[in-house]
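1. Sequence plus the predicted model coming up.
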Amino acid sequence: MNSLQTKLDRILNRELDGFKTIASIERLTGGASQETFSIDCQTVSGPLRLALRRAPGGVRQSKEAGSIGLTAEAVLLDIAKQQGIQVPNILYSLKPEDNIGDGFLMNWCEGETLGAKIAKSERFENIRPSLARQCGEILAKIHSTDLSKSGLKTILKEISPRDYVKVTWEDYKRYETPQPMIDYAAQWLLKNLPEPTIPSLVHNDFRNGNLIVSENSGIVAVLDWEVAHIGDPNRDLGWLCTPSWRFGQHALPVGGFGEMEDLLEGYSSVTGTTPSARSLKFWQVFGSFWWAVHCLTMAHHYRHGPDKTVERPAIGRRSSECQIDLVNFLIPGRITTVEQQNEVQKNIPTDIELLTSVRDFLRSDIAEIAKGRKKFLNLVASNSLDILIRENKLGRPFEQHELDGLRSLLRKEGELDDLRQELTMLIRNDNTTLDNPFLQQHLRDTVAFRVSVDQPTYAGLITARQNSLALKAQAL
């Protein structure tokens, strides 16, 4: 951090009028894809807080699929500012000779960014009812940006819904981890493409968690434009309503804080248009599909660096949350429950005892002394151990259930990994119909189990179980 402070001190001496010194730098807890730091400065006019956004590890960034890069993001933020869109002011874009990596310095915007707090905290109780309409109005401004006059056509790529599905699907295939529900969703999306729209600027990550919200005035700024592109504007509306970003408040589809009607009224008040229900469903399904794949991307990044934080593999396990949302969107129905087998283990200590002891140590001794981002990562680490404990308790009986289901579905003997891969390839190659009830039952069961290990309190799993119970009750 001292090295970073020295380099930033040199930049601010040169670029910021009245700069005196850096009082402190702290890496913030949010931002699994990029790093964000708060920088407290002393100037001749008094204290000043800035923010630094940069690529992981402080290296020059190679563009990932769909990313415009942080240098282009800074340009895009300036264009958005000119459109009257609430974004931070860019103060300086990092250059190679700064030896800090890709990124930029911007002004600090006061407000809350944690999605769970925005959706649940009493502090935002009065402003929450107006947020969905504000989101609609802001998205309308984004989508109304003149692509030619702004120069965006020279910065951003254009991508059609079909190509976006295919590119995302190809990213997932490269990870070589068979997840049949992801392939099922990809096939459904390609068979249910939305009606054509006029290509627009698409923020592409406009959601609760990427908004700075004030309890008094609402949305202060829109963050994280790194995956912006030109395409179907309804992508932004569907993504904002994707279940992953409701933070447990599933009754409120817009970010866990608002109603769809308010969002669409705000949008149509500026554009004069309202997207169809069919298009909105497509982009909500796509949102869960895209995030299911991108969670696996985080785990892939952990394996290959440069930012090997404990957060990345933990996010990889969140793919199952998106997959249960896909189940609820596409194939709701009965779920078979597999009971935990209580085996007597004579080994002292058992695997579960070792894992539990380390988890409890992190949650007590380490939690008491950890601060800032380390406190957040300590929580992530202890939650990862919870996953392993549940897997140890539940894994073997369910693996047998999955194996029996695969053998019945495929009508052949074989090992679990081989049969799972074979089912994945059948769906991927469109060699089985999506309305096969035995396939749908198998997908519901396997995805529900995986979420019960990865995140048993996830609202999508609760919804899936409620759907199952309702169907069972109707059959009685």
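-> That came through fine. Numbers count the residues shown, from 1 in each chain.
2. hang on, isn't Asp236 packed against Thr197?
-> No: counting by Cβ atoms under 8 Å, no contact exists between Asp236 and Thr197, whose distance comes to 11.6 Å. For every residue, glycine as well, the C-beta is placed using N, CA and C.
3. So for those two, which residue has more residues nearby?
-> A count of neighbours by other Cβ atoms under 10 Å puts Asp236 above the other of Asp236 and Thr197, at 27 against 17.
4. Now that one: which helix or strand?
-> Counting by DSSP states H and E, the secondary-structure element that holds Asp236 is helix 234-240.
5. quick one: contacts of the helix or strand just after that helix?
-> For helix 234-240, the following helix or strand on the C-terminal side (DSSP H and E) is helix 260-271. Contacts with helix 260-271, where a contact means Cβ atoms under 8 Å, 6 or more residues apart in numbering, come from 129, 132-137, 139-141, 143-144, 237, 240-241, 253-254, 273-275, 280.
6. Same question for stretch 468-476.
-> Residues outside stretch 468-476 that contact it (Cβ under 8 Å, 6+ apart): 333-335.
7. Which of the residues you listed ranks first by neighbour count?
-> With neighbours set by other Cβ under 10 Å, the maximum within these is found at Ile335, which has 23 neighbours.
8. Just give the nearest non-adjacent residue to that residue, would you?
-> In space, and not counting its chain neighbours, Ile335 is closest to Ser468: 4.3 Å by Cβ to Cβ, 6 or more residues apart in numbering.
9. swap in Lys20?
-> Leaving aside its chain neighbours, Lys20 sits nearest to Gln42 (4.5 Å; criterion: Cβ to Cβ, 6+ apart).
10. does the one you found count as helix, strand or coil?
-> For Gln42, the secondary structure call by DSSP: H, G, I helix; E, B strand; the rest coil comes out as strand.
11. which residues touch the closest residue to Glu413 other than its chain neighbours?
-> The shortest distance from Glu413 to any residue other than its chain neighbours is 6.1 Å, reached at Arg407 (Cβ to Cβ, 6+ apart). Taking Cβ under 8 Å, 6+ apart as the criterion, Arg407 is in contact with 413-414, 419.
12. Got a quick PyMOL command for the buried subset of those?
-> Here is the PyMOL selection string for the buried members of the contacts of Arg407, based on 16 or more other Cβ atoms under 10 Å:
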select buried, resi 419
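13. hang on, the earlier thing: where's the residue nearest to Lys20 relative to Ile22, distance?
-> Between Gln42 and Ile22 the distance, using Cβ to Cβ, to the nearest Å, works out to 8 Å.
14. Looking at the two, which has the bigger crowd around it?
-> Between Gln42 and Ile22, counted using other Cβ under 10 Å, the more crowded position is Ile22 (18 against 14).
15. SS state for that one?
-> Under three-state DSSP, the three-state class of Ile22 is strand.
16. Quickly list what it is bridged to.
-> Under the criterion DSSP bridges, Ile22 forms beta bridges with Cys41.
17. unless I'm mixing things up, it is touching Arg10, no?
-> No: at 10.5 Å, Ile22 does not count as touching Arg10 under the criterion of Cβ under 8 Å.
18. count of neighbours near the spatially closest residue to Gly84 that is not a sequence neighbour?
-> Once flanking residues are discounted, Gly84 sits nearest to Lys141: 6.2 Å by Cβ to Cβ, 6+ apart. Counted with other Cβ under 10 Å, the burial measure for Lys141 works out to 17 neighbours.
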